[in-house]
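Participant: turn this into a structure:
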Amino acid sequence: MGDPWPRNRIMIYTTLQPLLLRRVRAREWNPCLLSIRRPRKFLQLSFGLTGFQRRKDGHFKVLCSENIHKGVVRVVEGSAIDEVYDALAERLLPTAEAASNPNHKCLVGLAGPPGAGKSTLAHEVVRRVNKLWQEKASSLDSQVKASDIATVIPMDGFHLYRSELDAMEDPEEAHARRGAPWTFNPLRLVTCLNNLRSQGSVYVPSFDHGVGDPVEDDIFVNLQHKVVIVEGNYLLLEDGLWKELSYLFDEKWFIDVDIDKAMQRVLKRHISTGKPPDVAKQRIDNNDRLNAELVMKSKKNADIIIKSVDF
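Facilitator: Here you go, the predicted structure:
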């Protein structure tokens, strides 16, 4: 017998209510999906011709009738964004053994379009991981103050400098399209993460939005940082050097958001920085929305999809 669903997979959501099945085309299928509607722990379910069987080890396991296709669908549902932050933090919290291993590093690539809330989510998850780790470490040894074990690397620090945009064939277009993939330096980001993997620590640039340029060596990721969330628009792209990043991440997360809602957030951000509303709207139409549409195409490369809500 051939594949019973040659072009589809089944996403399974569970609540106390009857199961809701949503059919998803194979090209859109991801091994993990995080939702945020109602609080649920991780569960496990086997699927076959005989129906569904609840398992005890905490995940959803989806099997077709002949076990030809196997995959794991992790589902987290919460009534508020804080529940999503908590679930993600618990997922990343390292064991004591991993934390004491000088070679252990968990790198997470967090992508999503402009206005999705990547920076907010990354910093909130990191804050919770550090809090959980401090509580865990103090329970093991009350005399030891635990160091932060998680940190964030923003992709913004890998913007090209304004001087580099000035040197391009069409400097006016380069500045107008700043934020597009070709106005970043992905090679430098790949090198940075490779160095972090091999050496255990690295200095990375931040970005000064007031000046409009990167700030060199402004963020230090040290040996004690075992969980590193790298957040940025294009981390899951498949083009050119961006694709090299895929091999460096232990997990790839994507914040899924309605583009119109995301653009409203970006519009407010532009206006808050002093841009007149008509100028901000023009930048949305001619740059930000184009970038967002490109980013949304990379959603299929994620391990976990996080449904965006208002923060």
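Participant: how close does Ala180 get to Gly115?
Facilitator: Going from Ala180 to Gly115 by C-beta to C-beta, to the nearest Å gives 15 Å. Where you see a C-beta, it was placed from the backbone N, CA and C, and this is true even at glycine.
Participant: neighbour-wise, which of these two wins?
Facilitator: Taking neighbours as other C-beta atoms under 10 Å, Ala180 and Gly115 compare with Gly115 leading, 24 against 17.
Participant: who touches stretch 258-278?
Facilitator: Contacting residues not belonging to stretch 258-278 are listed as 113-117, 209, 279-281, 283-284, 288-289, 292-293, 296, 308 [C-beta atoms under 8 Å, 6 or more residues apart in numbering].
Participant: just the buried members of these?
Facilitator: Among these, those scoring as buried are 113-117, 280, 283-284, 288-289, 292, 296, 308 (criterion: 16 or more other C-beta atoms under 10 Å).
Participant: among the residues you listed, which one sits closest to Ile229?
Facilitator: For those, the closest approach to Ile229 (C-beta to C-beta) belongs to Gly117, at 13.1 Å.
Participant: relative to Ala80, how far out is the closest residue to Val227 other than its chain neighbours?
Facilitator: Once flanking residues are discounted, Val227 sits nearest to Ala150: 3.8 Å by C-beta to C-beta, 6 or more residues apart in numbering. When distance is defined by C-beta to C-beta, Ala150 is 22 Å away from Ala80.
Participant: these two: which has the busier surroundings?
Facilitator: Shown here are Ala150 and Ala80; by other C-beta under 10 Å, Ala150 has more neighbours (27 against 11).
Participant: hmm, that one is touching Val221, no?
Facilitator: No. Counting by C-beta atoms under 8 Å, Ala150 stays clear of Val221, with 10.2 Å between them.
Participant: so, low pLDDT: which residues of the stretch 1-150 of the chain?
Facilitator: The stretch 1-150 of the chain contains residues with pLDDT under 70 at 1-79, 140-145.
Participant: try it again at 50.
Facilitator: Applying pLDDT under 50 to the stretch 1-150 of the chain flags the ranges 1-73, 75-77.
Participant: hang on, the earlier thing: in contact with the residue nearest to Val227, which residues?
Facilitator: So Ala150 contacts 92, 125-126, 129-130, 133, 225-229 (C-beta under 8 Å, 6+ apart).
Participant: for Cys192, pull up the helix or strand it's in.
Facilitator: helix 186-199 (DSSP states H and E).
Participant: should've said Pro205
Facilitator: Per DSSP H and E: Pro205 is located in strand 202-208.
Participant: tilt between that strand and helix 186-199?
Facilitator: Interaxial angle of strand 202-208 relative to helix 186-199 (axes from the mean of the first three to the mean of the last three C-alpha atoms, to 10 degrees): 140 degrees.
Participant: make 19 the first number, not 1, from now on.
Facilitator: Will do, 19 is the new start, and the previous item becomes strand 220-226.
Participant: what lies in contact with strand 220-226?
Facilitator: Contacts of strand 220-226 (C-beta under 8 Å, 6+ apart): 171-172, 174-177, 210, 213-214, 231-239.
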